[in-house]
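1. sequence first, then the predicted structure:
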Amino acid sequence: MKKKLAFLAVVVLILLIVTVAWFRFRVPTKSLIFSVFPFLRSEPVDQPVRFNHIHHQEVARLNCFFCHQYVREHRAAGIPNIELCRVCHSSDAISKRPEAIKVFGYVKEGKQIPWQRMYELPAFVVFPHWIHIKNNIDCSTCHGITGTSDTPIKMVDRDYMEWCVDCHKKRGASTDCYACHSS
């Protein structure tokens, strides 16, 4: 009986510590969880074309701003349209890779690629990309390995308010509510 009671007390104590850690120290707790279980940091995104960021950066020598052309001036970075793809994929001669052939098919038919949006903040959150670019914040700070992957990957270890506030504090940026929650 005493062993069962002691076991129950230990379980309750552990749950209490985890609950306090989660709600009081969310950023360090999540960081610890993502460090111990790195496979939880990201999730693959099923896209109509398995876009290879590595190939486009290293072989084609394109940077983030080529495809996400609104990132320097607007709140949203923008999703690449078929006109950008047409620059290189107007014929199937550029590559015989299956994914490149898919892109050529969209270009040939004049159809937009139905990309699935990977990152979307709630409507009440304002994230002006251009301010972050102007302050030399690298895209990987928020997007992690998304831009250096051979498959579309969404980072989920950074999509919560406490992570953003922690980053702002570390960089001396505003943590005023209206910095991110205004129109």
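-> Noted; the coordinates are in hand. Numbering: from 1, shown residues only.
2. residue 47 - nearest residue in space that isn't next to it in sequence?
-> Ranked by Cβ to Cβ, 6 or more residues apart in numbering and with sequence neighbours excluded, the top spatial neighbour of residue 47 is residue 152, at 4.7 Å. For glycine as for every other residue, the C-beta is placed from the backbone atoms N, C-alpha and C.
3. contacts only, for the one you found.
-> Taking Cβ atoms under 8 Å, 6 or more residues apart in numbering as the definition of contact, the neighbours of residue 152 are 44-47, 50-51, 118, 146.
4. measure the one residue sitting closest to the centre of the chain to residue 62 for me?
-> Note on the chain: the residue nearest the mean C-alpha position is residue 143, at 3.7 Å, using Cα atoms, centre = their mean. Here the distance between residue 143 and residue 62 works out to 16 Å (Cβ to Cβ, to the nearest Å).
5. I'd assumed residue 155 was in contact with the residue nearest to the centre of the chain.
-> Yes - with contact defined as Cβ atoms under 8 Å, residue 143 counts as touching residue 155 (6.1 Å).
6. remind me what the helix or strand hosting residue 165 packs against, helices and strands.
-> When secondary structure is defined by DSSP states H and E, residue 165 falls within helix 161-171. With contacts defined as 3 or more Cβ pairs under 8 Å, 6 or more residues apart in numbering; DSSP states H and E, the secondary structure elements packing on helix 161-171 are helix 26-36.
7. residues touching the helix or strand that the helix it packs on is followed by, excluding its own?
-> Tracing the chain C-terminally past helix 26-36 and defining elements by DSSP H and E, one meets strand 42-44 next. Taking Cβ under 8 Å, 6+ apart as the criterion, the residues outside strand 42-44 that touch it are 144-146, 151-157.
8. let's see 7 Å
-> Here strand 42-44 makes contact (Cβ atoms under 7 Å, 6 or more residues apart in numbering) with 144-145, 151-156.
9. list the contacts of stretch 155-164.
-> Stretch 155-164 is contacted by residues 26-27, 30, 34, 41-43, 142-146, 180 when judged by Cβ under 7 Å, 6+ apart.
10. do that again at 10 Å, thanks
-> 25-31, 33-35, 38, 40-43, 118-122, 125, 127, 140-146, 149, 166-167, 173, 175, 179-181 (Cβ atoms under 10 Å, 6 or more residues apart in numbering).
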